[in-house]
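Visitor: Prediction below, plus the sequence it came from.
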Amino acid sequence: MSLVSAFVPVWILTAIGYAACRWGLLGEAAASVLGRFVFHLAMPSALFLALSRMPLSGFAGRSLLAFGMSTAAVVGFGWVGASRLFGRTPGERPIWGMAAGYVNSANLGIPIATQVLGNVSFLAEVVLLQVLVVTPVILVALDRHSDPAGRVRVGRIASLPVRNPVILASLLGVACSATGLHLPSAAGAPLTLLSGAAVPAALVALGASLHRTTPSRAEPTEPGEPGEPGELGGLGGLGGLGELAVITALKLVAQPVIAYAAGLALHLSGPQLLAVVVCAGLPTAQNTFIFGQEYGVGEAVANRAVVATTTLSLATLAATAALLG
């Protein structure tokens, strides 16, 4: 399988979603309905099954640390830069950071890891890190800012794993893996069917959202307007194009470069370094759009980031494989 073939299904399904919405086949609420289906049903099923079958021992500690350092640096910079460079609101910053540093480790990560690295062992560790560490941080921040008063309510945050299907499914999957518990076939079969719909439904929802003329909830139309605190006028004046360029550069250039530097500092071997840099250079995950849509923040920047980084990452990943492989 060539590297290009890993991207073809993503482009096709996204295009199908766009065309179906443009031709009126799915109705005006298609993106919203599909997004909620993915967030509440399909994605939790996929995460539970994947994590319940994933061994929790034998982690490559230094490699995962190098990847984690690159993720923390880029997500953190994006989180802060969304406000300082483009005047994004506190509620939008988590989505901005996620767009800059949360990698597509599922539908693109698996075929790319198989093609470039020869196995998916390290990618499985990346999945665990993102699901168990990065995702809860993002969702806690989004949940906090969904409160009308912006209050930090300890009880609400503590109950997030119960209220949020993504976190709950992830925790249950890890618990099943740790205890060796296996679901009976009567329970596992429906979850398997639902999990199979997660990636295609998310991509169709993404494509449908690209046709929509306005987001499902109001978003700032002129980020970086002069006079906003902490805004840098030159970048802010570029609007959406400037945001997209910065996010793309962070995701496809800065994150793999930081991962490479961290890997060298941690004395990783050649194969380990290649695995870390390739995984760090994966494009933005479509979960970014799904989360933004669910919480009504940053939808536009999220879907543009997913499409742009997915398209351009074919070239950057090929270059990475050629230089380090």
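Guide: Done, it's in.

Visitor: can you confirm Thr89 is in a helix?
Guide: No. Assignment of Thr89 by DSSP: H, G, I helix; E, B strand; the rest coil gives coil, placing it outside any helix.

Visitor: And it, its phi and psi?
Guide: phi -80, psi 160 (degrees, to the nearest 10).

Visitor: ok, now which ones touch Cys21?
Guide: Contacts for Cys21 (Cβ atoms under 8 Å, 6 or more residues apart in numbering) come out as Ala30, Ala31, Gly207, Ala208, His211, Arg212. (Glycine included, C-beta is placed from N, CA and C.)

Visitor: for this structure, what helix or strand is lowest in average pLDDT?
Guide: helix 233-236 (a mean of 39; mean pLDDT, DSSP states H and E).

Visitor: one step back: which of the contacts of Cys21 ranks first by neighbour count?
Guide: Ala208 (29 neighbours; other Cβ atoms under 10 Å).

Visitor: That one and Ala15 touch, don't they?
Guide: No. Contact between Ala208 and Ala15 fails when scored by Cβ atoms under 8 Å: they sit 10.8 Å apart.

Visitor: Glu28: neighbouring residues, count only.
Guide: 11.

Visitor: can I assume it sits in a strand?
Guide: No. Counting by three-state DSSP, Glu28 is not part of a strand but coil.

Visitor: And the strand or helix carrying Gly68, what does it pack against?
Guide: For Gly68, the host element (DSSP states H and E) is helix 61-86. For helix 61-86, the packing partners by 3 or more Cβ pairs under 8 Å, 6 or more residues apart in numbering; DSSP states H and E come out as helix 93-101, helix 121-129, helix 233-236, helix 239-249, helix 255-265, helix 270-280.

Visitor: Give the buried residues for it.
Guide: 62-71, 73-75, 77-79, 81-86 (16 or more other Cβ atoms under 10 Å).

Visitor: again with stretch 240-255
Guide: For stretch 240-255, by 16+ other Cβ under 10 Å, it's Gly242, Glu243, Leu244, Val246, Ile247, Thr248, Leu250, Lys251, Leu252, Ala254, Gln255.
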